[in-house]
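K.L.:
What follows is a predicted structure for the sequence shown.
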Amino acid sequence: MKQSNVLRLCVYLLAIAALVLLATAALREQGPSFGPEGVQTTVAPTLPPVKQPVALLRAGSTRYQYEMLGTAERAAYDVILAQLLSFPESVAVQGIDSEGLSAVFRALLLDQPLLFHVSSTAYKFNSADGKVTAFLPEYKMDAAEYAKRCDEVALVCAQILAAVPQGAGEFEKELATHDALVYLCTYDEKAGERSSVYGALVERRASCEGYARAMLLLLELQGMRVGVLTGDARNAEGVVGGHAWNKVCVDGQWYHLDATWDDPIVEDEETISHAYFNLRDEDVAASHDFDDTRTPCTATDANYFVRKGLYFWALDQSAEQTMAVRLAESLDAGSAVLELRMASQAALEQATDELFASKRVYAILAEANTSRRIRTDTVYRSEMKALRVIRIMPVLK
């Protein structure tokens with residue numbers, strides 16, 4: 001690669017931080033632009049501590065997969081990562097075999113969301129005596145195109161981060177970021193950049209890997225610890241397929257976060273779900289299979305329903321009052337949906353019977369309908385039985 005191109009790339013990447021800061025400052029005046037059209041989904045957008053994307057590729061990132069590598073693999077990871085931004089034809093490595101290189105490459109792609117200029121499906125290597133001597137990456141674009149796309153990603157990051165409330169704790173940062181990403185991106189397995197942050201944030205169409213990498217980038221830019229996890233997942237029809245989601249550390253406890261499965265499948269759906277927001281291992285295991293046990297997820301404090309007071313042991317008068325208040329808040333924010341989670345399958349069956357067979361849901365709708373925006377004689381609903389979640393969708397007038 002020509003020296004002039006390397007220098008040009010460095011200038012582009014160093015300019016990203018300035019672009020983020022400038023764009024964020026401008027957005028503080030304009031307010032956030034994500035969510036249903038005409039609806040501001042968060043308040044008081046402010047300037048968060050945004051890291052320079054180049055630094056994100058170095059020691060400042062979580063490196064969740066890196067921690068699972070052996071000593072020789074970690075050394076190769078560090079060497080390759082330090083050079084990839086210069087578009088080298090080869091990177092000299094030592095002490096690992098082809099299987100070790102495969103593990104290193106996988107870890108790099110999962111840990112480092114800005115390596116979208118490198119092909120994720122193809123690379124070559126040189127070897128001698130059973131050991132890899134050089135890693136030969138394949139690139140999807142040239143340095144100028146990569147710098148341009150980094151600028152675009154940085155601007156969208158600034159826009160999303162500007163909507164995070166000033167002084168927000170880790171739960172609030174995660175929630176605002178999750179909601180912005182799910183509103184912004186549409187699930188699309190056929191999109192060209194479906195597995196990258198560029199696809200999720202700029203083209204706004206991505207697969208599960210794109211969602212997970214975008215969440216990784218956005219949360220790490222806010223100083224949070226987060227990783228990308230991969231495994232298999234079973235949908236409601238029992239179909240099993242490869243899947244990617246996140247593990248997030250909130251107030252010192254790790255949780256599973258699946259933004260992809262919180263995104264409605266319906267193309268014009270303007271509401272989002274929080275069913276997969278900060279789950280324990282035993283909760284997510286109902287639909288997701290994974291091998292990682294290094295950071296056990298056992299806490300419930302930062303689960304969406306627990307934190308929002310929508311986790312119930314039984315559907316009683318107090319629960320119904322809370323539901324009415326939360327639905328009214330949702331309507332005021334421009335989202336006609338209410339989700340609640342029950343503590344057991346028996347409680348789920350009792351709540352379903354009381355709400356819909358006994359029609360107590362209509363009294364809740366009437367109490368929440370202070371703005372007279374919804375009908376109180378009809379409602380849509382769905383259930384996620386594995387997670388014991390009930391989703392109530394009023395009909396707008």
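P.N.:
Sure thing, it's come through. Numbering: from 1, shown residues only.

K.L.:
where do the helices sit along the stretch 101-250 of the chain?
P.N.:
Ranges of helices within the stretch 101-250 of the chain are 143-161, 170-184, 197, 208-220, based on DSSP state H, counting those that start in this stretch.

K.L.:
Pick the most deeply packed of those helices.
P.N.:
helix 197 (a mean of 29; mean count of other Cβ atoms under 10 Å). Any C-beta I mention is one placed from the backbone N, CA and C, and that applies to glycine too.

K.L.:
Touching, residue 345 and residue 388? I think so.
P.N.:
Yes. Residue 345 is within contact range of residue 388, at 6.5 Å (criterion: Cβ atoms under 8 Å).

K.L.:
Settle it for me: which of the two has more neighbours?
P.N.:
Set residue 345 next to residue 388 and count neighbours by other Cβ atoms under 10 Å: residue 388 wins out with 24 against 11.

K.L.:
Read off the pLDDT value for that one.
P.N.:
If you check residue 388, the pLDDT there is 96.

K.L.:
And the strands in the stretch 201-350 of the chain?
P.N.:
With DSSP state E, counting those that start in this stretch, the ranges of strands along the stretch 201-350 of the chain come out as 205-206, 226-234, 240-250, 253-257, 277-279, 288-289, 311-312, 338-342.

K.L.:
where does the stretch 251-397 of the chain have low pLDDT?
P.N.:
Flagging of the stretch 251-397 of the chain using pLDDT under 70 yields the residue ranges 265-270.

K.L.:
now the helices of the stretch 101-250 of the chain in TSV, with distance to residue 352 and mean pLDDT?
P.N.:
Conversion of these to TSV gives the following (distance: least, Cβ to Cβ, whole Å; pLDDT from 0 to 100):
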stretch	distance to residue 352	mean pLDDT
helix 143-161	36	90
helix 170-184	26	96
helix 197	39	95
helix 208-220	29	95
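
K.L.:
Pipe the ones you listed into a markdown table and attach distance to residue 276 per row.
P.N.:
Output for the helices of the stretch 101-250 of the chain, formatted as a markdown table (distance: least, Cβ to Cβ, whole Å):
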| stretch | distance to residue 276 |
| --- | --- |
| helix 143-161 | 19 |
| helix 170-184 | 10 |
| helix 197 | 20 |
| helix 208-220 | 11 |
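
K.L.:
Return the distance of the most centrally placed residue in the chain relative to residue 370.
P.N.:
A centroid search over the chain (Cα atoms, centre = their mean) returns residue 215, at 3.2 Å, as the residue closest to the centre. From residue 215 across to residue 370, the span is 34 Å (Cβ to Cβ, to the nearest Å).

K.L.:
per-domain residue ranges of this structure.
P.N.:
3-31+52-144, 308-397 (automatic domain parsing).

K.L.:
Distance to residue 220 added to the ones you listed, as TSV?
P.N.:
Listed next are the domains of the chain as TSV, based on distance: least, Cβ to Cβ, whole Å:
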stretch	distance to residue 220
domain 3-31+52-144	6
domain 308-397	25
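
K.L.:
so which of these comes closest to residue 172?
P.N.:
Proximity to residue 172 (Cβ to Cβ) singles out domain 308-397 among the domains of the chain, at 11.7 Å.

K.L.:
before we move on, the earlier item: residues in contact with the residue nearest to the centre of the chain?
P.N.:
Contacts for residue 215 (Cβ atoms under 8 Å, 6 or more residues apart in numbering) come out as 177-178, 181, 226, 246, 248, 257, 259.

K.L.:
can you put those residues in CSV and add distance to residue 329?
P.N.:
Formatted as CSV, these follow (distance: Cβ to Cβ, whole Å):
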residue, distance to residue 329
177, 20
178, 17
181, 21
226, 27
246, 26
248, 24
257, 22
259, 22
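
K.L.:
what's the distance between the residue nearest to the centre of the chain and residue 256?
P.N.:
For residue 215 relative to residue 256 (Cβ to Cβ), the value is 12 Å.

K.L.:
which residues are common contacts for the two?
P.N.:
residue 246.

K.L.:
Pull the number of nearby residues for the closest residue to residue 210 other than its chain neighbours.
P.N.:
Leaving aside its chain neighbours, residue 210 sits nearest to residue 200 (3.9 Å; criterion: Cβ to Cβ, 6 or more residues apart in numbering). By other Cβ under 10 Å, 34 other residues sit near residue 200.

K.L.:
Look up how far residue 300 lies from residue 200.
P.N.:
In terms of Cβ to Cβ, residue 200 sits 28 Å off from residue 300.
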